[in-house]
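[1] Sequence below, structure please.
(chains A and B)
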Amino acid sequence: MNGTRIDKRILLLLYILAFILLREWLIPVIELTDSGHLILFLLFVALAFFLALLRVKWWIVVPIKVLYVAWTTHYMFFDRILLSRETVTYLIENLFSNIPIIMVGDWEHITNPFRTVLFFSLLWMTCYLIRHWIEVRKSILLFYIMTVVFISFIDTFGPYSADAAIFRIMVTGLLLLGMLTISRLAEKHHTSISTGALLSISVPLLFTVVVSVAFANVLPKQEPIWPDPLPYFKSFVQGSGEGGGTGISTSGYDADDSTLGGSFVQDNTLVIEAKVAEKQYWKIETKNTYTSKGWEQISANKAQTTYDSGVEMGDFGNSDHANEESRLLADLQVSEDFPFIVYPYGMNKVYASQDVVFQHSEASGKYLTEIGGSEGILDSYEIEFTEPDYSLKALRATTMEDYSSETEDFNQYLQLPEQLPERVRGLAETISVDHESVYEKTKAIERYFGRNGFVYTQQGVAIPKADDDYVDQFLFDTKKGYCDNFSTSMVVMLRAIDIPARWVKGFAPGEYVLNDAGEQVYQITNNEAHSWVEAYMPGIGWMPFEPTIGFSNFTEIEYDIEQNNDELKAPETKEPKKQKKELEKKQATAKKEFEIGELFEAFGDWIRSNSWKIVAAGFILALIAWRLFVARAKWLPRVLIHTHKSGKYDWYAFTKQYKSLMKQLDRTGLKRKDGMTLSDYAMNVDKYFGGEQMITLTKAYEKGLYGGDIINHNWVALKEMWEDLINRTSG
Amino acid sequence: MTHREIVEKVLSNIEKVMIGKRDIAELSVTALLARGHVLLEDVPGVGKTMMVKALARSIGADFKRIQFTPDLLPSDVLGVSIYNPKEMEFEFRPGPIMGNIILADEINRTSPKTQSSLLEGMEESSVTIDGETMRIPQPFFVMATQNPIEYEGTYPLPEAQLDRFLFKLKMGYPSKAEEVEVLNRAERAVPMDDLETVISLDDLIDLQSAVTEVKVDETIKSYIVECASQTRENPYVYLGVSPRGSLALMKACQAYAMIKGRTYVTPDDVQYLSPFVFGHRMILRPEAKYEGISTSEIIERILVKVRVPVDKVRLK
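    Have a look, this model is predicted:
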C-alpha cells in the first residue's frame, strides 16, 4: 500500500489547489443566489480537506462536520453565536417541516435553513469526490473541465463576470493536474519524492503555467466567431424580442439603422394581423443617407402633412389608375406599440375608430399617429388603397436624360459616402451598362444578387469595421447576409449609376393563415421585418424593388408591349403568383428548379449556417464515443457474456470465449507480452484476481491447442468459470 | 500406473538422498528418458556423484564411474582384448563404458583422444574395438562433469563435441537450510546404502519409448525452430544453434512434458528447457564476452522476443 500513498507535502499542496478551485464554484453560486456567508461555506470545505489530510477516522469526521453544519445553519439564520433552546427547537421544527414538502415535490416552498443544509450536504459530497479524485484516482481532469465549463457558463449566461476567476482557474487547475501527474509517476516507479526533486519539478511547472497563462492573457483575442447564444435563449424562453444592441439582435422593427450588420435571431412574436385580399408589402418609412455603416434620415425637407382619419391622402405619383372601383381594403390589428402606421403601396385613406391625426413626413414617408395632440398608439385601423400597377412599355421608355426634366430635387437620393470604394461603382456600371432604360438598368442590378453566389443567412453576418464599407464588404467579401445587406447594396449601386434610390423599411407580407377567429389573415411577426428598395423612374415615380434573394417582386406590371420572346417576361409574370409563404426563412435556391448543384449549394449553406452547431454536436458525440471507448473494459464483459450465451458450447465456442477474455484482460491492463506463455500469463491473472480460474481455463485451452484434444473437456464448468472471470474483470 | 507416477517414484527416491536439487534430478531424468546425456559443470563436492548414483540405484541400473586423468587411454574407457594363455585366444575385457549409467568425472582432464572415445560411444551407442563392433547395453546414460575453475592442464571439449550432450547443467550450491539438512542426514548413516530400486530397467525402456508418443504440435515445432533460428541471427552469436539443437530441444520437451504428466508439449516446456539445450550449442562473439553477456542472457532475450504461439495461426 505504500506505493499508493501520496507524499504528505504534495498532498497538502494538492488540497490547497483543490480548495482554490472549489472556491471558484462557491463564489458565483453564493453571489448569484444572494446567499451570503461565503466564508462559512469556505470554512466547511477547508475543514473537510483538513480532516482528509490528517486522515482522521470517519467516526470522528462525521460528528465534527454535522456539528459544524448545525451550528453554521443556526448562526446564519439567528445571527447568534450561542445556541439557545428556542432557536434550536425552531430550527429543528423548520427542518422537519420540509419532509412533507419534499414528498410532494413542492420545491418552491422548501425553507431556507433546509436549503442551506442541503447545500452543505452537496458540498460534503463534492469534497468527498475531490478527495477520491486526488488520493485514489490521482486524476482531477474531470473536475477541472467541469469547473471551466461551469464558470464559462455562468459568465456567459449570468451576470457574474469571470474575468479574474478564469485566470485563477487556469493556473490552479493546471498546477493541480501537473502535481497529480508527478505523484502518479512517483507511484508508478515506487519512489517517494525528495524535497529537492519536488522543488525541481514543481517550480518549473509553476513557472510554465503562470507564464503561459499570463502570456495568453495579454495576447489579442479573436472576437467570438458565432453569435452569443444568450439572446436566442432569452427570446426562446420569454417569447419576445429585444431589438438593438451591437453585434446580435433579434428580428423586428427598429428605428435605429445607423449600424447595420451582425447576426440576428428569429423572433416569432406576432406584430400585425392583416385582413387583406392579396399579399402586400407593409411600408413604414424610407431613409435617404447612407453612412457606410448604416442608414440615417437626414433631410432639409421638414414638411409635414396632416391627415385626419378617412381623408383622401393621394399617394405615389401614379395614382391615375386609382379609381374608386379598384380600391381595396386592408384591416390591420397591430399588437406592437407602434406610434405610426404600416401601410401598403397605393394608400388612399385610413380609417380609425379613435380620434386620430396622421402626421405624414414627406421626406421619410412615415405616418406618425397622434391622439389628442400627442404621440399615440393605434392598435387597429383600416386602410383603403389601390394597388399601383406599372406599364412595362412606359418603364422601358425611361432614359437617364429624363431626370433633367423632373422637378424634384434628387440630390439626397443620390448621396453616397466619400469613402465608398470605387469598385462598388465599377460593379454597378458593369452590371447596368448593357441596358438602355432606367428600369432595365435597375432590374439588372436587382437580378444581380440572385446569380452571383450570394447567400441569404441571418447568422454570421459581418459587421463592418471602422475602415470597411458595409456594402463593399457584402458585395465583394462576405456575399452573405439578409435583407438589409441586399437592399442597401442595391440602393448604393443605383445611386452609383445616378439613379435616385432610397431605402425602405417595413414588413414583408407575412403568412396567410386562419386566425383564432377563423378568418383568413396575413400574420406578420417580427421575423417579417424587412427592408427593400425604392427607385425613382423618371416620369413614373418611386417604384419598389426587391433585391433580397428568397423574396419576390410584388409589383404589378402590365405587359402592354408586343410579346417578343423576351427573357424578362418569364420571371415577372409568374412570380407574383408563385409567391411562397415562408420565403423569409428559405434560401433563394429553394424556389428555383432543383438541380443537383443547387441542392449541394443549399446543403453547403446549411452546413455553413449551422457550422458551430455541427461542430458542437460532433464534439459531444466524439466525447461520448471516446468515453465509451475508454470505459469499454467496464461494459464490454456484459456484452461479451450476452453474445457468447447462445449456441452450442464446444471447443470453438470456448476458443472464442478464451480469446475474448484475453482481449478483455488486455483492456483492464493485464497485457500478455509476446514472449509470455499462456500458463505464465494465467498465473499472473490469477494472482491479480485471486482464485485459479484462469489457470484452469488456460490448461483446457492448452490441452486443445497443443495437445489436440478438443473433446474431453468439462464445458459446463469452463463456461461458468469464464463468465465468472470476465465479470470480475469489470468489477 | 501412469508414466508420471513412475517418474515421480524415481524422483522422490532420488530426493531421499539429494536434498533440494529437484530441478537437476528432474532434468537428469528428462535427459535419461530422451535418451540423451548430461554435462554437469560445477565445482567438486556439490553432489554430482551422489545424484548419478541415486538415479542408477533407483532404476536398478549398472553404475560405472570413470575418473578422467591426463594419462587415461581410450582402452581404459572402452575395454581391451587380453590374450588368455589358457584358452589360447584373445579375450575382451569390457571397459567402464559398457554400463547403463556412467559418471565421467572431470572429462576435460583427459586427452582429446580418450575424450573422443567416450563421445563416440555416446553418439553411436556402440564401440568398435579391434575391428569388432559391440553394442552398449540399453539404457545408456552418461553424466559427464567438468570443473570450471581449473584450466591448467585441461583439454576443454571442443564445441562440436559438446552437442553430444543433450543438456549442460550447473548444479549450484544448496541453500544453507538444505546444507544443514544434508549434514543431519549424514550424521546417522550413509543414506545411499538404504536407497531401493523403485523401477526396473524394462520400465525405463517403456518410458523411453512412450516419450516419442508425446505430441508436439506444429505450432510448437515452429516455435522451437523460430527460437533456434533467432540464435543464428543474434549479433552477439558467432555460431548459432544447429538443426540438431532444435531436434534435441524437441526430444527434451517431449520427455519433460511426460514428467509433468502431459501428453503434449507446451511453450512453457520449450522456454524452460531451451537454456539447458541451447546454452552449450552456441559460440558467442568476443564482443559479447567483453560486454559480459552470457549465453543464457541471450537466450532469455530471444525468448522474450519470439512470439509464443497461442493460436492455430502458423508462425512465419
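
[2] Would you map the helices across the stretch 1-150 of chain B?
    Along the stretch 1-150 of chain B, counting by DSSP state H, counting those that start in this stretch, helices occupy B:3-17, B:22-33, B:48-58, B:74-78, B:112-124.

[3] Give the other helices and strands that the longest one contacts.
    Secondary structure elements in contact with helix B:3-17, counted by 3 or more CB pairs under 8 Å, 6 or more residues apart in numbering or on different chains; DSSP states H and E, are helix B:22-33, helix B:48-58, helix B:191-194, helix B:201-211, helix B:243-259. In this view, the C-beta of every residue, glycine as well, is placed from N, C-alpha and C.

[4] Which residues does the second one contact?
    In this case it means helix B:48-58. B:9-10, B:13-14, B:16-18, B:21, B:24-25, B:28-29, B:32, B:40, B:42, B:61-63, B:65, B:100-101, B:103, B:105, B:141, B:143, B:145, B:171, B:192, B:195-199 (CB atoms under 8 Å, 6 or more residues apart in numbering or on different chains).

[5] again, but for the first one
    In this structure, residues lying in contact with helix B:22-33 by CB under 8 Å, 6+ apart are B:7, B:10-11, B:14-15, B:18, B:37-38, B:51-52, B:55, B:139, B:141, B:143, B:166-167, B:169, B:171, B:204, B:207-208, B:211, B:252, B:255-256, B:258-259, B:273, B:276.

[6] Could I get the buried residue list for it?
    B:24, B:25, B:26, B:27, B:28, B:29, B:30, B:31, B:32, B:33 (16 or more other CB atoms under 10 Å in any protein chain shown).

[7] which one of these sits closest to chain A?
    residue B:26 (17.1 Å; CB to the nearest CB).

[8] distance of the closest one from residue B:273?
    Look at residue B:26 and residue B:273: by CB to CB, to the nearest Å, they are 11 Å apart.

[9] got any residues that touch both of these two?
    residue B:256.

[10] Report the closest residue of chain B relative to chain A.
    residue B:264 (3.3 Å).

[11] residues in contact with the closest residue to that residue other than its chain neighbours?
    Excluding the flanking residues, the one nearest residue B:264 by CB to CB, 6 or more residues apart in numbering or on different chains is residue A:707, at 3.3 Å. Shown in contact with residue A:707 (CB under 8 Å, 6+ apart): B:215, B:217, B:262, B:263, B:264.

[12] Check residue A:21 and give its pLDDT.
    pLDDT recorded at residue A:21 is 90.

[13] My guess is it contacts residue A:144. True?
    Yes. Between residue A:21 and residue A:144 a contact is recorded at 7.1 Å, counting by CB atoms under 8 Å.

[14] Touching both of the two, which residues are there?
    What both residue A:21 and residue A:144 touch, as defined by CB under 8 Å, 6+ apart, is the set A:169, A:173, A:176.

[15] now the last one, nearest residue through space, not along the chain?
    Read that as residue A:176. residue A:17 (4.2 Å).

[16] now stretch B:75-92, how far from the centre of its chain.
    Taking CA atoms, centre = their mean, to the nearest Å, one finds stretch B:75-92 lying 32 Å from the centre of the chain it belongs to.

[17] Please apply the same query to stretch B:9-18.
    With CA atoms, centre = their mean as the basis, the mean position of stretch B:9-18 lies at 18 Å from the chain mean.

[18] Give the buried residues for it.
    Buried-residue list, stretch B:9-18, by 16+ other CB under 10 Å: B:10, B:11, B:13, B:14, B:17, B:18.

[19] if I pick the last one, what's in contact with it?
    By CB under 8 Å, 6+ apart, the residues touching residue B:18 are B:24, B:25, B:47, B:50, B:51, B:54.

[20] got these as CSV, with pLDDT columns?
    Formatted as CSV, these follow (pLDDT from 0 to 100):
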residue, pLDDT
B:24, 86
B:25, 86
B:47, 80
B:50, 81
B:51, 83
B:54, 86
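
[21] Name the residues of chain A found near chain B, please.
    A:659, A:662, A:672-680, A:702-703, A:705-709 (CB under 8 Å from any CB of the partner chain).

[22] what's the domain layout of the chain?
    All of this is about chain A. Following automatic domain parsing, one gets these domains for chain A: A:2-218, A:232-239+A:248-389, A:390-449+A:458-503+A:538-587, A:631-730.

[23] I was thinking of chain B, sorry if that wasn't clear
    Using automatic domain parsing, chain B is parsed into the domains B:3-181, B:212-305.

[24] By mean pLDDT, show me the worst of those.
    Across those, the lowest-scoring stretch is domain B:3-181, with a mean of 83.

[25] that older thread, so for residue A:685, which of the helices and strands packed on helix B:3-17 sits nearest?
    helix B:243-259 (22.9 Å; CB to CB).

[26] circling back: is it correct that the residue of chain B closest to chain A is in contact with residue B:214?
    Yes. Judged on CB under 8 Å, residue B:264 makes contact with residue B:214 at a distance of 6.6 Å.

[27] which neighbours do these two share?
    Taking CB under 8 Å, 6+ apart as the criterion, residue B:264 and residue B:214 both touch residue B:257.

[28] quick one, what contacts residue 304?
    With no chain named, the answer covers chain A. Residue A:304 neighbours (CB under 8 Å, 6+ apart): A:359, A:360, A:361, A:362.

[29] Sorry, I should have been clearer: chain B.
    A:673, A:674, A:675.

[30] And for residue A:73?
    Residue A:73 neighbours (CB under 8 Å, 6+ apart): A:91, A:113, A:116, A:117, A:120.
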